[in-house]
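**Q** Sequence and predicted structure are below.
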Amino acid sequence: MKKYHLYALGNALVDMEFSVDDEFLAQMNIEKGFMTLVDQERQQTLLQALNQQQGKKACGGSAANTIIATQYFGGQSFYSCKVANDERGKFYLDNLTAAGVHTLDHEREAGITGSCLVFITPDAERTMNTFLGITADVSSYEVEPNAIANAQFVYLEGYLVTSPTARVAAIQVKEIARKNNVKVAMTFSDPSMVTYFKDGINDILGDGVDLLFCNQEEAKTWAETDSLEESIEGLKKIARSFVITMGAQGALIFDGNALIEIPSYPTKAVDTNGAGDMFAGAYLYGITAGHTPTQSGRLASLAAAKVVSQFGPRLRPEQHAEILQQWSLLTERLP
């Protein structure tokens, strides 16, 4: 029996969410709907422009949101990341361990912990401006081989491709997983990653992964086609199974043999930040807990619908229990 359902490597970022309008994005020359890397000075300029608006703060980064979801649903998880010996670094680790996630016990280095400004517009779209800080230096030093060997799955976020040392570390995690018969999952993370860093994405994909997560825009961009059907055929060449999320249209799962349609659940979207991360976390919990792809997809769809209905990229612990109860009624009628 493996100790962990999931081991993940990702960028440790203190997320700060703000409600803004499209005019603010235009005035500040921010590309809507994308993750854009910025320097610390640019982040400070943006914070000043927000006129002291207090953003909702949490330990974040794509993989962190996913692994905390897996943990809250009942899984056991380990997260490798890099934060600095500063106030934000302490906040990040305290937030992470309070969620029950295991992490490295390394002495923290001097520097600045990474942060991400998340702008939510009235149409619920999320736009991110990220200063990586010390997480740009995440490397093989943060990789924990014993935790990898004791996991059912490892999970790699696409954002790691923006840093040369992080990309090397991601490939190392994958190699260790393969040697220990641990399955490998990856997410493309954001359209900007497959638009501007496709070579790095393909370096990590290498000879393929066991499970890939992406949305339909990312799938089409990676496959260099406007056809979803052609994208699906392309993904089959590099992923033994995959999930394509499609917002209000639900999701498509390829389980290695057939495509499975997963419906969406009616909700009023307030904030789409974290929807893909939540879907991945719930799905990974489901399959590592022994449920079928269909059952796991239904759980993930329920969880994603819930998270977009409120402000912030994650749910409270008790909300996961409520979703599990609702989902258990569905699983009685599913194959």
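**A** It's in.

**Q** Just the C-alpha atoms of stretch 133-150, please, in CSV.
**A** Output in CSV follows, covering the C-alpha atoms of stretch 133-150 (Å, rounded to 0.1, in the frame of the first residue of the first chain):
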residue,chain,number,x,y,z
GLY,A,133,10.5,35.1,-6.9
ILE,A,134,12.5,32.3,-5.4
THR,A,135,10.3,29.6,-6.9
ALA,A,136,12.0,30.4,-10.2
ASP,A,137,14.9,28.5,-8.7
VAL,A,138,13.0,25.4,-7.8
SER,A,139,15.3,22.5,-8.8
SER,A,140,16.3,18.9,-8.2
TYR,A,141,17.2,19.9,-4.6
GLU,A,142,13.4,20.1,-3.9
VAL,A,143,12.7,16.7,-5.4
GLU,A,144,12.0,14.0,-2.7
PRO,A,145,12.6,10.5,-4.2
ASN,A,146,11.3,8.6,-1.2
ALA,A,147,7.9,10.4,-1.4
ILE,A,148,7.7,9.8,-5.1
ALA,A,149,8.4,6.1,-4.7
ASN,A,150,5.6,6.0,-2.1
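
**Q** can you give me how far that stretch is from the chain middle?
**A** The chain centroid and the centroid of stretch 133-150 are separated by 17 Å under CA atoms, centre = their mean, to the nearest Å.

**Q** Kindly report the same for stretch 86-98.
**A** Chain-centre distance of stretch 86-98: 19 Å, with CA atoms, centre = their mean.

**Q** quick one: buried residues of that stretch?
**A** Under the neighbour-count criterion of 16 or more other CB atoms under 10 Å, stretch 86-98 has 86, 88-89, 91-93, 95-96 buried. Placement of C-beta: from N, CA and C, glycine included.

**Q** Ok, stretch 32-47 next?
**A** 33-35, 37-38, 43, 46-47.

**Q** for stretch 110-130, same thing?
**A** For stretch 110-130, the buried set under the neighbour-count rule, 16+ other CB under 10 Å, comprises 111-121, 124-130.

**Q** ok, now stretch 241-257?
**A** Buried positions in stretch 241-257, judged by neighbour count with 16+ other CB under 10 Å: 241-247, 250-255.

**Q** Identify the residues contacting the nearest residue to Lys57 once chain neighbours are set aside.
**A** Leaving aside its sequence neighbours, Lys57 sits nearest to Met16 (CB to CB, 6 or more residues apart in numbering; 5.3 Å). Listed by CB atoms under 8 Å, 6 or more residues apart in numbering, the contact set of Met16 reads 55-57, 115-118.

**Q** do Val173 as well
**A** 7, 9, 80, 143, 148, 154, 156.

**Q** from those residues, which ones fall inside helices?
**A** Mapping the contacts of Val173 onto helices (DSSP state H) picks out Ile148.

**Q** Let me have the contacts of Val173 in CSV, adding pLDDT, neighbour count and distance to Gly276 as columns.
**A** As requested, these are exported to CSV (pLDDT from 0 to 100; neighbours: other CB atoms under 10 Å; distance: CB to CB, whole Å):
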residue, pLDDT, neighbour count, distance to Gly276
Tyr7, 98, 30, 19
Leu9, 97, 27, 17
Ser80, 97, 24, 21
Val143, 97, 20, 24
Ile148, 98, 24, 23
Val154, 98, 28, 18
Leu156, 98, 29, 14
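
**Q** Find me the pLDDT at Pro335, would you?
**A** Predicted confidence (pLDDT) at Pro335: the value is 54.

**Q** Hmm, Ala136 and Gly111 touching each other?
**A** No - between Gly111 and Ala136 there is no contact under CB atoms under 8 Å: 9.7 Å.

**Q** pLDDT below threshold where in the stretch 1-150 of the chain?
**A** Confidence mapping of the stretch 1-150 of the chain against pLDDT under 70 gives the ranges 52.

**Q** returning to that earlier point: pick out the most distant pair among the contacts of Met16.
**A** Using CB to CB, those span at most 13.0 Å, a distance reached by Lys56 and Ser115.

**Q** okay, and the common contacts of these two?
**A** Residues touching both Lys56 and Ser115 (CB under 8 Å, 6+ apart) are 15-16.

**Q** Just the element for the closest residue to Leu160 other than its chain neighbours, please.
**A** The spatial neighbour of Leu160 that comes closest, neighbours along the chain excluded (CB to CB, 6+ apart), is Ala166 at 4.2 Å. Using DSSP states H and E, Ala166 sits within helix 164-179.

**Q** going on from that helix, what's the next piece of helix or strand?
**A** strand 183-187.

**Q** report the angle between the axes of that next one and helix 164-179?
**A** Taking axes from the mean of the first three to the mean of the last three CA atoms, to 10 degrees, strand 183-187 and helix 164-179 form an angle of 150 degrees between their directions.

**Q** same for the next helix-or-strand element following strand 183-187, what does it pack against?
**A** Note on strand 183-187: by DSSP H and E, the next helix or strand toward the C-terminus is helix 191-196. Applying 3 or more CB pairs under 8 Å, 6 or more residues apart in numbering; DSSP states H and E, one finds that helix 191-196 contacts strand 35-37, helix 216-223.

**Q** just the ones you listed: most buried one?
**A** Highest mean neighbour count of these: helix 216-223, a mean of 21 (counted as mean count of other CB atoms under 10 Å).

**Q** how far does the following helix or strand past it sit from the chain's center?
**A** Later in the chain than helix 216-223, the nearest helix or strand by DSSP H and E is helix 228-235. Chain-centre distance of helix 228-235: 22 Å, with CA atoms, centre = their mean.
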